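*Asks:* have a look at this fold, sequence not included:
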């Protein structure tokens with residue numbers, strides 16, 4: 001996909017992400033921040049863990065990976081993302097938040113727009129009008145993942 005189309009797709013993705021803000025807070029209650037894993041760079045880990053890196057490593061919720069990144073387990077009832085407070089993200093507007101958090105649930109890669117099947121907004125087809133726009137630009141849409149609900 002050419003750079004111009006990718007830039008347009010990113011603008012559409014940003015609008016789509018903004019369109020679900022109220023849904024995420026009021027209906028979904030930040031499900032994505034309470035379930036699953038988040039891969040963080042060494043630069044992102046302190047910001048996202050709110051300075052609790054050592055504590056989370058001790059609890060085995062934060063693990064250093066072979067490539068130097070970290071994996072944060074957010075799948076336990078008592079330990080959602082450390083940046084989540086009352087279903088609201090403390091680092092949402094920060095430039096230091098993780099790229100995955102910033103892009104979620106829409107990831108543009110090559111000629112694909114990947115929609116996370118773990119996102120309740122994706123499951124409820126709230127991106128329908130945006131999908132039409134990406135398709136018109138020539139992107140393929142991917143939202144099926146057999147491991148999405150594990």
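*Replies:* The structure has been received and is ready for your questions. This one's a predicted model, so the numbers in the text were calculated from it and none came from an experiment.
*Asks:* since we're on the residue lying closest to residue 1 once chain neighbours are set aside, how many residues are nearby?
*Replies:* Spatial nearest neighbour of residue 1, excluding adjacent residues (CB to CB, 6 or more residues apart in numbering): residue 111 at 4.5 Å. Any C-beta I mention is one placed from the backbone N, CA and C, and that applies to glycine too. The local packing of residue 111 (other CB atoms under 10 Å) involves 14 other residues.
*Asks:* equivalent analysis for residue 36, please.
*Replies:* Around residue 36 sit 16 other residues, with neighbours defined as other CB under 10 Å.
*Asks:* also residue 11?
*Replies:* When neighbours are counted by other CB under 10 Å, residue 11 registers 11.
*Asks:* and it, how far from residue 41?
*Replies:* According to CB to CB, to the nearest Å, residue 11 and residue 41 sit 25 Å apart.
*Asks:* kindly report the same for residue 28.
*Replies:* 26 Å.
*Asks:* settle it for me: which of these two has more neighbours?
*Replies:* With neighbours defined as other CB under 10 Å, residue 28 and residue 41 compare such that residue 28 has more, 19 against 13.
*Asks:* where do the strands sit along the chain?
*Replies:* Counting by DSSP state E, the chain has these strands, from start to end: 37-40, 62-64, 70-73, 84-85, 88-89, 106-109, 112-115, 140-142.
*Asks:* find the residue at the geometric middle of the protein.
*Replies:* When the chain is reduced to its mean C-alpha position, the nearest residue by CA atoms, centre = their mean turns out to be residue 104, at 2.8 Å.
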